[in-house]
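Enquirer: coordinates only, sequence not included:
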Ligand SMILES: NC(=O)C1=CN([C@@H]2O[C@H](COP(=O)(O)OP(=O)(O)OC[C@H]3O[C@@H](n4cnc5c(N)ncnc54)[C@H](OP(=O)(O)O)[C@@H]3O)[C@@H](O)[C@H]2O)C=CC1
Ligand SMILES: O=C(CO)[C@H](O)[C@H](O)COP(=O)(O)O
């Protein structure tokens, strides 16, 4: 269809960016009886949406951004769904010039939360509301009910919230959408969601690799094991996805598709942002970190080529009890997953303190129970844990999760040892176990590190037996101690 000029104030909400996500969010809004203005830089995409889906609800298409804005009913709500970074800045700038005081711009892309804070502050000065809003669920989620994580002011949520809640996924009648917190809080939580997504995918990958190498199982056999696991504590969308991928056969070669796909994992940057930000906040997110580095290692072609002939000097696999090994791997996967989530929630907690965001961790777990990529039965238990104690210092301090990890421990230790002995990389399984042993340790070798720092840089240390800060005069013969 060709697009004609829309009637002024004929839409309740608008979406600009008719890519994979934007068009489906617009269709979801239209299906929920919102009149949706739609626009795309390349007008043919808007026409395409109208041709294919125009009869699904009330769409108000525009060719120009000016028409798009004038078709919105004041106070206007315009959702931007374009690439993060420069593209988002460009669209926001153009929109801001056309909007009036009190109007709301929603950035629903995967923006870096510091960009969101900058944009919110700049637009506030112009009297505009800016809402950085995480959306998860991929193409299908956007269409049928994503998990939605809006930040921005509580005032903008009053206008925006009911529309977003109407299109989100629901669990027991509760929307998987809530006001996360002020300014960049929504995008922060979405970033950590994606970081956790990386860790969750990696632990499933490590389980697959160990089952395949340890027992010589085929991808189809592992798919069946995963399907079984998916009926219990590990029940999750990513487990389901893995089951599907592993059972897929390549039509051209007749081989398992997973053997045909090049083993170099891509990344768009949200996992890396989660790790970089965690370092800034001094929160150890070892699971997410190792998962992100594992993707990096997989794509480090030059280094992998150079190391391809290195000896492993590893044991040959000879597992006597197949079922016991499968259970070991399942337990290692579950425990490592709990650690990764525990660390991710700690990162959100730390950011809430740093930026003054009033984020309910229970609500974050609640809105991730469905719609998003990390949706899982497990998140119902995480919700309960934070409902019971919103101040939990770490998820593992909850009795349910502590017991789960305690039960998993012997299995987990066996798997990590076997992986090391047999030369199978299991970076998240093993680093998560180290985190667990580190966080529960009575004494850590950090005392030696403090001594080393004091020796070469007079960085001082504290003593276990008295208050104060001390320095040993290492360069003197007496090596006396002074209080500094
Ligand atoms: N795909 C996914 O599963 C998910 C994606 N996201 C996030 O959603 C956002 C959109 O992703 P997705 O829909 O997959 O992307 P697509 O590549 O499918 O679409 C990108 C859209 O951005 C528009 N665009 C790009 N550059 C500009 C620009 N300079 N000015 C105006 N418009 C521009 C494109 O317009 P044109 O047609 O003219 O090129 C197109 O409409 C991203 O931030 C992404 O990270 C979030 C959750 C899940
Ligand atoms: O946001 C998402 C889901 O919530 C995307 O699926 C995510 O961007 C995928 O990330 P990457 O390409 O880095 O694996």
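Expert: That came in fine, so what should we check first? This is a predicted model, so every value here is computed, not measured. Ligands and ions are numbered 1, 2, ... in the order given.

Enquirer: looks like residue 180 contacts residue 154 (just checking).
Expert: No - the pair residue 180 and residue 154 does not pass the contact test of Cβ atoms under 8 Å, sitting 10.8 Å apart. Bear in mind the C-beta positions are built from the backbone N, C-alpha and C, glycine included.

Enquirer: so those two - more neighbours on which side?
Expert: residue 180 (30 against 11; other Cβ atoms under 10 Å).

Enquirer: tell me the contacts of the closest residue to the more buried one other than its chain neighbours?
Expert: Nearest residue to residue 180 in three dimensions, chain neighbours excluded: residue 186, at 4.5 Å (Cβ to Cβ, 6 or more residues apart in numbering). Taking Cβ atoms under 8 Å, 6 or more residues apart in numbering as the contact definition, residue 186 lies against 116, 131, 132, 133, 134, 149, 150, 151, 152, 180.

Enquirer: please apply the same query to residue 240.
Expert: Residue 240 touches residue 230, counting by Cβ under 8 Å, 6+ apart.

Enquirer: part of a strand, is residue 425?
Expert: No - counting by DSSP: H, G, I helix; E, B strand; the rest coil, residue 425 is not found in a strand; it is coil.

Enquirer: okay, it: pLDDT?
Expert: On pLDDT, residue 425 comes in at 98.

Enquirer: before we move on, what about the one 10 residues further on?
Expert: At residue 435, the pLDDT value in this model is 98.

Enquirer: in this structure it contacts residue 346, no?
Expert: No - taking Cβ under 8 Å as the definition, residue 435 is not a contact partner of residue 346, at 10.8 Å.

Enquirer: which residue packs closest to residue 5, ignoring adjacent ones?
Expert: residue 67 (5.8 Å).

Enquirer: mind checking which helix or strand that neighbour is in?
Expert: helix 65-70 (DSSP states H and E).

Enquirer: quick one: buried residues of that helix?
Expert: Neighbour-count burial for helix 65-70 flags 65, 67, 68, 69, 70 (criterion: 16 or more other Cβ atoms under 10 Å).

Enquirer: can I get those in JSON lines with pLDDT?
Expert: JSON lines is the format used below for the buried residues of helix 65-70 (pLDDT from 0 to 100):
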{"residue": "65", "pLDDT": "98"}
{"residue": "67", "pLDDT": "98"}
{"residue": "68", "pLDDT": "98"}
{"residue": "69", "pLDDT": "98"}
{"residue": "70", "pLDDT": "98"}
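
Enquirer: just the closest residue of the stretch 301-450 of the chain to ligand 2, please.
Expert: At 4.5 Å from ligand 2, residue 373 is the closest residue in the stretch 301-450 of the chain, using Cβ to the nearest ligand atom.

Enquirer: wait, that residue sits on residue 270?
Expert: No - at 11.0 Å, residue 373 does not count as touching residue 270 under the criterion of Cβ under 8 Å.

Enquirer: what's near enough to touch the residue lying closest to residue 371 once chain neighbours are set aside?
Expert: Once flanking residues are discounted, residue 371 sits nearest to residue 169: 2.9 Å by Cβ to Cβ, 6+ apart. If you count contacts by Cβ under 8 Å, 6+ apart, residue 169 has them with 137, 141, 144, 145, 146, 147, 175, 176, 370, 371, 372, 375.
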